[in-house]
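**Student:** with the input below, show me the fold.
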Amino acid sequence: MTQRIAILGAGVMGETLLAAILRSGRPAADVVISEKRAERAAELHETHGVEVMGNAEATATADVVLLVVKPQDVPSLLVEIASSVRPGTTVVSLAAGTTIAAMRSALPDGVAVVRAMPNTPVLIGEGMFGISPGPGVSDEQLSSVVELLGSGGKVVVVDESKQDGVTAVSGSGPAYVFYLAEAMIAGGIEAGLDEATARTLTAQTLVGASALLAGSDDTAEDLRRRVTSPNGTTAAAIATFDDLGVRQALVAGVLACAARSAELAGPA
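**Tutor:** Residues are numbered from 1 along each chain as shown. The predicted structure is shown next:
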C-alpha cells in the first residue's frame, strides 16, 4: 500500500532523512517536506524532486508525519498541525525529550504517536534509532516506522521508559567516540606522530573495531581481552586507564546523560 510521508523540518537531519528515504526506493511523489523559506524550498525541490509546502498542508495529506525540528519547537508545531492531522495517521517525533504523553495530549484522538531518538551517523546512513510506540500503535504502523527510519541506519524498539538510556548510549554516544578520538590523536602526536597520520590511524582503528564489535557475537570485554596480552603494550595502556578511573568516568558520564535526558523530558 502506498503511503504518503511528510517530513516537517528541512534542517540537516530532515534533509538527511529525506535523502535516505528516497535512496531506499520510495518515489519522490510519495514524500513531502516542509520549509517556509522560498529559496530553501526551491533548493530542496530541485535537489530531491519532492513537493515542499507548509507544515499544516504537508500534514493534511500524510499517512506518516516525521517531526524533525528542535525540541523547543515541537510544542508549537504540534499545535500548528493538530487541526490538519487525520485519524489513523502516525506522528513520529525525533526531537529529544518529546514524550508520548505530550504528543497525545496535543493531537486528536485516533492519531498514533511514536517517540524516536536518532543520532548523527544518520548523515552517512549508519545511524541508530531507538523508537517507542505509544498506546494503540498497530503492528503495521510500527513496522512502517521501522522501515522508514531503517533507511538511515538501524532501529531498535524499546519501551518509552528506556528512552533516557537510549539517549545516553546512542543519542549522545557519537560525542563520546569523538572525545576518545581526540585523546587518541593527542596521544599519538605526543608519541611522535604528525597530526594527519595520528588522525588516520585513529579513525580507521575506530571504524575497524566498531565493525568487529557489530559483526561478532562476542562481548566487548571478550574482544578487548583478545588483544590484551599479559604484560604487553595494550595491557600497559589498559592498566593506566584503570588506574586513572577511565571506565568509571565513562559510566558516570553515560548515567549523567541519562539523568539530564529525564530532566529535559519533564515529570513522568
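**Student:** do you know how far residue 52 is from residue 20?
**Tutor:** Here residue 52 is placed at a distance of 17 Å from residue 20 (Cβ to Cβ, to the nearest Å). The C-beta positions use only the backbone N, C-alpha and C, and glycine is treated the same way.
**Student:** what does residue 5 give?
**Tutor:** Distance of residue 5 to residue 20, computed by Cβ to Cβ: 12 Å.
**Student:** ditto for residue 138
**Tutor:** 24 Å.
**Student:** between those two, tell me which one has more neighbours.
**Tutor:** Set side by side, residue 138 and residue 20 show more neighbours around residue 20, with 21 against 12, by other Cβ atoms under 10 Å.
**Student:** end to end on stretch 51-63, go ahead and measure it.
**Tutor:** Terminal residues of stretch 51-63 lie 15 Å apart, using Cα to Cα, to the nearest Å.
**Student:** so for that stretch, mean pLDDT?
**Tutor:** Stretch 51-63 comes out with an average pLDDT of 95.
**Student:** ditto for stretch 153-163
**Tutor:** Mean predicted confidence for stretch 153-163 is 97.
**Student:** and it, what's buried?
**Tutor:** Along stretch 153-163, the positions that meet the burial threshold by neighbour count (16 or more other Cβ atoms under 10 Å) are 153, 155, 160, 163.
**Student:** okay, and which of these map to helices?
**Tutor:** residue 163 (DSSP state H).
**Student:** any idea which of the buried residues of stretch 153-163 is closest to residue 145?
**Tutor:** Within these, the smallest distance to residue 145 is 8.1 Å, found for residue 155 (Cβ to Cβ).
**Student:** wait, what's in contact with that closest one?
**Tutor:** Taking Cβ atoms under 8 Å, 6 or more residues apart in numbering as the definition of contact, the neighbours of residue 155 are 128, 129, 130, 131, 146, 149.
**Student:** surely residue 113 is in a helix?
**Tutor:** No: inclusion of residue 113 in a helix is not indicated when DSSP: H, G, I helix; E, B strand; the rest coil is applied; the result is strand.
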